[in-house]
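Undergrad: Sequence and computational prediction follow.
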Amino acid sequence: MAIEIAKLFLETVQKEFSFLKDEYGFTGPYSNFEAGKFMYLYKVWFVGKNLGVELVLEWRDQDLSCFVVRLEDGQMPSGLYLNEQGEQIRMYLASWLRKLGIQDPLFTRVKTTNFEDEIRVRIRDYAQMLRKYGQDVLLDRADIVFG
């Protein structure tokens, strides 16, 4: 079951976030998936020159997150939230938008206990957030996003 959910996660991210490649020049998607291997944490990411967009599916808690990431030398950083210099390198997309003052509802209410349905809806929500409010991310402006 988990491997099927991970496959759904990857396919949905590829579909909903293809605009990053097609319209904004990001590369990817890249992932930490290993064919047929169960993992507790699945990641899919796209990278620009300065910023990345990373989606994380945590199987154990059935949680799905989207992060904006400051790249280090064009690569995804090794730290989680801070680098070795103590600088922020990763933040939740929704939290960043709230910090910018966005008050609109960001997430669709999901009236199901089906995790597969929730994955589809959440990924679509994150893609819409980025398209509607994340212009600085889409334009790869790390100086503004993390400034």
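TA: Thanks, I have it. Numbers count the residues shown, from 1 in each chain.

Undergrad: Identify the residues contacting Val13.
TA: 29, 44, 55, 123 (Cβ atoms under 8 Å, 6 or more residues apart in numbering). Using the backbone N, CA and C atoms, a C-beta is placed for each residue, glycine as well.

Undergrad: Where does it sit, in terms of helix or strand?
TA: When elements are defined using DSSP states H and E, Val13 is found to belong to helix 2-16.

Undergrad: May I see the buried residues of that helix?
TA: By neighbour count on 16 or more other Cβ atoms under 10 Å, the buried set for helix 2-16 is 5-6, 8-10, 12-14, 16.

Undergrad: So Arg109 lies in a strand, does it not?
TA: No. When the secondary structure is assigned by DSSP: H, G, I helix; E, B strand; the rest coil, Arg109 falls in coil instead of a strand.

Undergrad: Can you report how many residues lie near it?
TA: The local packing count at Arg109 equals 6, with neighbours defined by other Cβ atoms under 10 Å.

Undergrad: Same question for Arg141.
TA: That count, for Arg141 with other Cβ under 10 Å as the rule, works out to 15.

Undergrad: Looks like it contacts Asn50 (just checking).
TA: Yes. Counting by Cβ atoms under 8 Å, Arg141 sits close enough to Asn50 to count as a contact (7.4 Å).

Undergrad: Ramachandran angles for the closest residue to Gly25 other than its chain neighbours?
TA: Nearest in space to Gly25, with sequence neighbours left out and distances taken as Cβ to Cβ, 6 or more residues apart in numbering, is Gly48 at 6.8 Å. For Gly48, the backbone dihedrals are phi -100, psi -150 (criterion: degrees, to the nearest 10).

Undergrad: who's in contact with Gly48?
TA: Counting by Cβ under 8 Å, 6+ apart, Gly48 touches 24-27, 71, 140.

Undergrad: Where neighbours are concerned, which of the residues you listed has the most?
TA: Most crowded among the contacts of Gly48, counting by other Cβ under 10 Å, is Phe26 at 23 neighbours.
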